[in-house]
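**Student:** predicted model and sequence follow; I will ask about them next.
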Amino acid sequence: MPDAAVTIDVVSDVVCPWCFIGKRRLEKAVALVPDIAVEVRWRPYQLAPDLPAAGIPRDQYLTQKFGSLDRVKANFARIAAVGAEDGIDFAFDRITVSPNTLNAHRLVLWARSGGHQDAVVEALFNAYFVEGRNLADISTLIEIGAAHGLDAALLTELFASDSDIERTQREIASAQRIGVTGVPFFIVGERFGIAGAEAPETIARAIRQAAEAEASADAAAGAAGHA
């Protein structure tokens, strides 16, 4: 196996329940290939980019998007059952605001450099889907970041600026350009794409295939260098 880690870029939105489920399945997949080093990088996507920065009432959003609250709640019940199998205690009834997630994605981006990204993503998912917290609220985002290794004063300063808004939007546009139309979407080793919260075994197989492909490419390059 190659020494370099296999990269897994996870395109997701923090208000996507299947992305939370996908995170759990990715964790199980990584555990299935303990001999392979893996680097997970979280990439932004917005399911509702046109929402106002402060978000809108949850029931209003669901009614506008799906038409019937009864149908939505039945769907949530099914998702909650799936989530329970992966250890997630979804509490959809606690969610009162559907947020614009641009600022949450900025926080995830800032967490990348310090190695806190996975913990921040986990905290955002948990805050929204389990605790029902408002991810459109800047103070909530600062609190989450500060609890997971980021500097609160710096976050306050960054959120008050336009820092990395364009960069985040460019990353979202980049995902769309390569054909991502739904999330989660996993890009394994910059070679294989997996759409949806697939089974851990499927993701693990892609990780192993990416590692083997990289090892073969390295071996071929080494042979060419000695030719």
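**Tutor:** Looks like it arrived, so ask away.

**Student:** which residues of this protein score low on pLDDT?
**Tutor:** Flagging of the chain using pLDDT under 70 yields the residue ranges 1-3, 218-227.

**Student:** run through the helices of it in chain order.
**Tutor:** Counting by DSSP state H, residue ranges of the helices within the chain are 17-32, 58-66, 69-85, 102-112, 117-129, 138-146, 152-159, 165-177, 200-225.

**Student:** contacting residues around the first one?
**Tutor:** Under the criterion Cβ atoms under 8 Å, 6 or more residues apart in numbering, residues 8, 10, 12-13, 38, 40, 76, 79, 82-83, 86-88, 90, 121-122, 125, 129, 183-184, 186, 196-204, 207 lie in contact with helix 17-32. Heads up, the C-betas are built off the backbone N, CA and C, glycines and all.

**Student:** again, but for the fourth one
**Tutor:** Residues from elsewhere that reach helix 102-112 (Cβ under 8 Å, 6+ apart): 14, 41-42, 44, 46, 49, 53, 117, 119-121, 124, 135-136, 138, 141, 144-145, 148-150, 155, 158-159, 163-165, 167-169, 171-172.

**Student:** buried residues of that helix, list them for me.
**Tutor:** Going by neighbour count (16 or more other Cβ atoms under 10 Å), the buried part of helix 102-112 is L102, N103, A104, H105, R106, L107, V108, L109, W110, A111.

**Student:** and the last one, how far is that from V82?
**Tutor:** Distance, A111 to V82, using Cβ to Cβ, to the nearest Å: 27 Å.

**Student:** dump the helices of the chain to JSON lines, plus distance to R94.
**Tutor:** Rendered in JSON lines, the data for these read as follows (distance: least, Cβ to Cβ, whole Å):
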{"stretch": "helix 17-32", "distance to R94": "13"}
{"stretch": "helix 58-66", "distance to R94": "10"}
{"stretch": "helix 69-85", "distance to R94": "12"}
{"stretch": "helix 102-112", "distance to R94": "17"}
{"stretch": "helix 117-129", "distance to R94": "9"}
{"stretch": "helix 138-146", "distance to R94": "14"}
{"stretch": "helix 152-159", "distance to R94": "24"}
{"stretch": "helix 165-177", "distance to R94": "27"}
{"stretch": "helix 200-225", "distance to R94": "28"}
